[in-house]
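# A structural model of the following input is requested.
(chains A and B, ligands or ions: 1)
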Amino acid sequence: MMGRPITSLTSRAAPLLYANIDTDQIIPSREMRSTGKTGLAKGMFAGWRYLAGSDYAPDPAFVLNDPQFAGAEILLARENFGCGSSREHAVWALAEFGIRAIIAPSFAPIFENNCSRGGVLCVRLPAEVINQIAASDANVSIDLPDQSVSLPDGSRWTFTIDEEAKAMLIGGLDSIELTMQSADDIRRWHDTDKNERPWIYL
Amino acid sequence: MASTLFDKIWNRHAIKPLTGRNALVAIDRIFLHERTGAVALNSLSEAGRKPIDPARVFCVMDHIVDTRPGRGDATLMPDGQAFITETRSAATKAGINLFDVTDADQGITHVISPELGIVLPGSTLIAPDSHTCTQGAFGALAWGVGSSEAEHAMATGALRVKRPETMRVTFEGTLGEGASAKDMILALIAQYSASGGRGKVIEFNGPAVRALDMEARMTLCNMATEFSAMSAIIAPDEKTFGYLHGRRFAPKGALWDAAIESWHALHSDPDASFDEEITIDAGTVAPMISWGTSADAAIAINGAVPPSADAQMLDYMALESGQKLVGLPIDAAFIGSCTNSRLSDLRRAAKVLDGRKVAQGTKAVCVPGSSAVKRAAEAEGLHEIFAQAGFEWRESGCSMCFFAGGESFAEGSRVVSSTNRSFRNRQGHRVKTHIASPETVAASAIKGAIADHRELA
Ligand code: SF4
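Below is the predicted model of the structure:
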């Protein structure tokens, strides 16, 4: 599934300032009810978003239920966001809910990779910057081509991102199509490899 | 130039460079399971594509499948059965290898892939499952991906991958009495944090690693993902070759000889350099247990919850800073998962359980990692030791390692578990999980409280 292309966005950034938020918190296993990629937004952060034991009654204490963060497209988090299970449903759920970017000091590798394929931008910024953004009470702007994050008060930070991930997010590219363009190289590689490592081919 | 083991596998599989540190990397083996596999297979066929080499794609029912005796397709998870039936029909249609619910080779992905000789030294293997790093124990580059990447690899035979950095973790010396591979990996993560591996490929080496058997090496590599690493890898040796010899998908005859010859080159050159190096004295590793909801929140079994402990974790786990864990009453004990459910794990637990009884009121469950492990355990009578002690003896699968909305431990209960994750709600609603080795789980089940298995020995 290709993500919605991202170039720049401006939105409130909802603070979820915990370390090690794992994919089962983002989309609990029990909320993945089908073998499809959709219908996941309702289950996003279900364990936090809804009152315990209720039938999806919003918990007012959860940040995304706070009216000032209604429609927020950006999340702020701490270290190692997206750790745990490799379930791509975490990214599909976030994207379906409307989250376009997450700003955190670090991300779990599988999650980050899934994000660039699912149209969610992972921005790495130091914890102090994240605190400053959280305290600003203002809209945050992210410019992906320019690789920068800024606040209305003029504060501006740049971030690094893998070139391939950047191209995929901006272009909303289907990476399978992209790789198919190298089909001849892949075939040639396999032809040689079959002679060198025949035991791989069953 | 001197190369690391990782470099050798990467360089061989790099079909061509892409932008930056990325390359198009050939994928030798793809493993799917019913939790995340059907979505990849369905999406592939919806796009009008087919696996380019279905013989190198494997699929098993392990995550949602029921583990109660006499199971079929029905599961306790609402809508769970659809994952099984849809995966079955998608796998059959795609013509890939399928290990179905009642197949003799069924079991947890990372247990059966080595058992069947599917993962091989020097190969690349991906699965839409984060614990794929387990299989790096065989000197393969094996890592977890998302469903889209599995689809990508099936469709094209390759993946676009950013070249990871490398780290070598050397365990010097000899592992102390009563400590195991599970304790080694928990000690590493506790010391260097749950994000200490930061997307790297970790090569485990040193005398204490070489001394481990293949099953223990898998336990060590299993939790590389809890260290936030891309994967782990161990150079293959005679133990690796001995383990794989004669397995169902392993090369046979002249092919085996040729493979062995090439596999002998699979080790880091003496002067190869790594982006990061860590050395640990294995002699200092004690039996470990987690106290919090992250794998780095772990301590030696006789230790106390640290003074700086995170307040939210303490609240969730109903613990206090400075509190000792030994003696803390538990509600349940679980032995299973891709971390610790192989024959040697069950043997060590059975040794603790032999002639003893699980404490009254403690639920105790043992789930062998594969149908083959279950048969082997039964052939040597381990199931009787477990049953006489008061453990449930299950069919193989992931079972209560994770809560999929079906079977789980009672709400709020405290569980000592041989699994790899103690995340909130991982084993059931508000369940407090303490991860540890199978022998620690067994000893705790007997005591009805967290226990040091060395004191029962
Ligand atoms: S046993 Fe647990 S950790 Fe391992 S693959 Fe199954 S669910 Fe994942």
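
# Stretch B:335-349: end-to-end distance?
Taking CA to CA, to the nearest Å, stretch B:335-349 runs 8 Å from one end to the other.

# mind checking how far that stretch is from the chain centre?
Remark: stretch B:335-349 is offset 11 Å from the chain centroid, using CA atoms, centre = their mean, to the nearest Å.

# check whether that stretch contacts the ligand.
Yes: counting by CB under 6 Å from any ligand atom, the ligand has neighbours in stretch B:335-349: B:337, B:338. Quick note: C-beta positions are derived from backbone N, CA and C, even for glycine.

# what about that stretch, average pLDDT?
In this model, stretch B:335-349 carries a mean pLDDT of 98.

# List the buried residues of stretch B:54-72.
B:54, B:56-67 (16 or more other CB atoms under 10 Å in any protein chain shown).

# do that stretch and chain A meet?
Yes: on the criterion CB under 8 Å from any CB of the partner chain, stretch B:54-72 is in touch with chain A at B:55, B:56.

# May I have the distance across that stretch, first residue to last?
End-to-end distance (CA to CA), stretch B:54-72: 26 Å.

# Pull the distance from that stretch to the chain's centre.
Relative to its parent chain, stretch B:54-72 has a centroid offset of 16 Å by CA atoms, centre = their mean.

# close to the ligand, is the least confident helix or strand in chain B by mean pLDDT?
When each helix and strand of chain B is scored by mean pLDDT, DSSP states H and E, helix B:37-46 comes last, with a mean of 92. No: using CB under 6 Å from any ligand atom, helix B:37-46 never reaches the ligand; the gap is at least 12.2 Å.

# How about residues contacting the longest helix anywhere in chain A?
What stands out as the longest helix in chain A, according to DSSP state H, is helix A:183-196. Under the contact criterion CB atoms under 8 Å, 6 or more residues apart in numbering or on different chains, helix A:183-196 has outside partners A:179, A:200, A:201, B:15, B:16, B:24, B:26, B:156, B:157, B:158.

# list the contacts for the closest residue to the ligand within chain A?
Nearest to the ligand, among the residues of chain A, is residue A:85, at 7.0 Å (CB to the nearest ligand atom). Shown in contact with residue A:85 (CB under 8 Å, 6+ apart): A:22, A:23, A:24, A:29, B:129, B:130, B:402.

# ok, now residue A:201?
Contacts for residue A:201 (CB under 8 Å, 6+ apart) come out as A:194, B:53, B:55, B:56.

# With residue B:59 instead?
Contacts of residue B:59 (CB under 8 Å, 6+ apart): B:31, B:32, B:33, B:34, B:37, B:41, B:87, B:91, B:96, B:97, B:98, B:99.

# go again using 6 Å as the cut-off
B:32, B:37, B:91, B:96, B:98 (CB atoms under 6 Å, 6 or more residues apart in numbering or on different chains).

# Please flag which of those residues sit within strands.
In this view, the contacts of residue B:59 that belong to strands under DSSP state E are B:32, B:98.

# Compare the contacts of residue B:59 and tell me which is most surrounded.
Using other CB atoms under 10 Å in any protein chain shown as the neighbour criterion, residue B:37 leads these with 33 neighbours.

# who touches it in this structure?
In this structure, residue B:37 makes contact with B:59, B:87, judged by CB under 6 Å, 6+ apart.

# Next one: it from residue B:220, what distance?
Distance of residue B:37 to residue B:220, given as CB to CB, to the nearest Å: 26 Å.

# Ok, residue B:289 next?
For residue B:289, the distance to residue B:220 equals 17 Å [CB to CB].

# In terms of residue numbering, what are the domains of chain B?
Listed by automatic domain parsing, the domain ranges of chain B are B:5-162, B:166-235+B:265-284, B:290-456.

# quick one: the second one near chain A?
The one in question is domain B:166-235+B:265-284. Yes: contact between domain B:166-235+B:265-284 and chain A, assessed by CB under 6 Å from any CB of the partner chain, occurs at B:194, B:195, B:199, B:228, B:230.

# Which residue is the nearest non-sequential neighbour of residue 119?
No chain was given, so I picked chain A. residue A:3 (1.5 Å; CB to CB, 6 or more residues apart in numbering or on different chains).

# let's do chain B instead
Closest to residue B:119 by CB to CB, 6+ apart is residue B:135, at 4.3 Å.

# show me where chain A has helices.
A:23-26, A:46-49, A:89-97, A:109-118, A:127-136, A:163-171, A:175-180, A:183-196.

# Pull the last one out as PDB, backbone CA atoms only.
Output in PDB follows, covering the C-alpha atoms of helix A:183-196 (Å, rounded to 0.1, in the frame of the first residue of the first chain):
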ATOM      1  CA  ALA A 183      14.200  -7.000 -12.700                       C
ATOM      2  CA  ASP A 184      17.000  -7.800 -15.200                       C
ATOM      3  CA  ASP A 185      19.700  -7.200 -12.700                       C
ATOM      4  CA  ILE A 186      18.000  -9.400 -10.200                       C
ATOM      5  CA  ARG A 187      17.600 -12.200 -12.700                       C
ATOM      6  CA  ARG A 188      21.200 -12.000 -13.700                       C
ATOM      7  CA  TRP A 189      22.300 -12.100 -10.100                       C
ATOM      8  CA  HIS A 190      20.200 -15.200  -9.500                       C
ATOM      9  CA  ASP A 191      21.500 -16.900 -12.600                       C
ATOM     10  CA  THR A 192      25.100 -16.500 -11.300                       C
ATOM     11  CA  ASP A 193      24.200 -17.400  -7.800                       C
ATOM     12  CA  LYS A 194      22.500 -20.600  -8.800                       C
ATOM     13  CA  ASN A 195      25.900 -21.900 -10.000                       C
ATOM     14  CA  GLU A 196      27.700 -20.600  -6.900                       C
END
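
# Report the distance from it to the chain centre.
34 Å.

# Show me which residues of it are buried.
A:186, A:189, A:190, A:193.

# With the third one instead?
Neighbour counts over helix A:89-97 (16+ other CB under 10 Å) mark A:89, A:90, A:91, A:92, A:93, A:94, A:95, A:96, A:97 as buried.

# Likewise for the second one?
Under the neighbour-count criterion of 16+ other CB under 10 Å, helix A:46-49 has A:46, A:47, A:48, A:49 buried.

# Likewise for the fifth one?
Within helix A:127-136, the residues that qualify as buried by neighbour count (16+ other CB under 10 Å) are A:129, A:130, A:133, A:134.

# do the same with the first one
By neighbour count on 16+ other CB under 10 Å, the buried set for helix A:23-26 is A:23, A:24, A:25, A:26.

# wait, what's in contact with the last one?
Read that as residue A:26. Residue A:26 makes contacts with residue A:90, as judged by CB under 6 Å, 6+ apart.

# now it: how far from residue B:181?
Taken as CB to CB, the span from residue A:26 to residue B:181 is 30 Å.

# now the strands: where do they sit in the stretch 151-300 of chain B?
Remark: strands assigned in the stretch 151-300 of chain B by DSSP state E, counting those that start in this stretch are B:158-162, B:166-172, B:201-205, B:231-233, B:276-281, B:288-290, B:298-300.

# partners of the second one in the sheet?
Think strand B:166-172. strand B:201-205 (parallel), strand B:276-281 (parallel) (DSSP bridges).

# export those to JSON lines and tack on mean pLDDT, distance to the ligand and mean neighbour count?
Shown next, in JSON lines, are those (pLDDT from 0 to 100; distance: least, CB to the nearest ligand atom, whole Å; neighbours: other CB atoms under 10 Å in any protein chain shown):
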{"stretch": "strand B:201-205", "mean pLDDT": "98", "distance to the ligand": "18", "mean neighbour count": "26"}
{"stretch": "strand B:276-281", "mean pLDDT": "98", "distance to the ligand": "24", "mean neighbour count": "14"}
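
# Mind putting the ones you listed into JSON lines with distance to residue B:46?
Shown next, in JSON lines, are these (distance: least, CB to CB, whole Å):
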{"stretch": "strand B:201-205", "distance to residue B:46": "33"}
{"stretch": "strand B:276-281", "distance to residue B:46": "42"}
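
# Kind regards, and thank you for your time.
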